[in-house]
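Asks: Have a look at this prediction, sequence included:
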Amino acid sequence: MTSLPSAPSTVRIDAWLWAIRAYKTRSAATTACRAGHVRINGNPVKASQTVIIGDTVRVRQPGFERILEVRRLIAKRVGAEAASHCFTDHTPERPVAPALGLPQRDRGAGRPTKKDRREMDRLRRQ
């Protein structure tokens, strides 16, 4: 296990989200907080809100929402393995998108002929 720096007494939510690698940059985490995409224990928060151990953090990202429980406070970015020890992920499995049943052409088969295009259009309309 990679060693973590000593735990600070308080950490801002934007710094914690950046440190655990939920966002690539701290400014992206701050922007998400301002936009209302981050909630602590069900309440929308500002970027300066402090986080404590045991809090439930909901982070809305494109297409899904992550539910994280704070296990350890860190303010500095660390390796991915070490960061994974600072939270518990309670995010439910994302459903797999069903196959649409559209015909797939073999890779490298070239451009579809006029007859092929008409068949594909007929299948799409059904």
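Replies: Alright, I've got the coordinates. As the structure is a computational prediction, the values presented were derived from the model and not from experiment. Numbers count the residues shown, from 1 in each chain.
Asks: average pLDDT for the helix or strand harbouring residue 115?
Replies: Assigned by DSSP states H and E, residue 115 belongs to helix 114-125. The average pLDDT for helix 114-125 rounds to 87.
Asks: same question, stretch 78-91
Replies: Along stretch 78-91, the predicted confidence averages to a pLDDT of 93.
Asks: Could I get the contacting residues of the residue nearest to the spatial centre of the chain?
Replies: Residue closest to the average C-alpha location in the chain (Cα atoms, centre = their mean): residue 61, at 4.9 Å. With contact set as Cβ atoms under 8 Å, 6 or more residues apart in numbering, residue 61 has these partners: residue 37. In short, each C-beta sits where N, CA and C put it, glycine included.
Asks: For this protein, which segments count as strands?
Replies: Remark: strands of the chain, listed N- to C-terminal, are 11-12, 38-40, 43-44, 50-51, 56-61, 64-70, 87-89; assignment by DSSP state E.
Asks: Just give me the neighbour total for residue 68.
Replies: Residues near residue 68, counting by other Cβ atoms under 10 Å, number 20.
Asks: mind checking how far the residue nearest to the centre of the chain is from residue 29?
Replies: Here residue 61 is placed at a distance of 11 Å from residue 29 (Cβ to Cβ, to the nearest Å).
Asks: Name all residues that make contact with residue 53.
Replies: Shown in contact with residue 53 (Cβ under 8 Å, 6+ apart): 70-73.
Asks: Please convert the buried members of those residues into ChimeraX selection syntax.
Replies: The buried residues among these can be selected in ChimeraX (16 or more other Cβ atoms under 10 Å) with this line:
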select :70,73
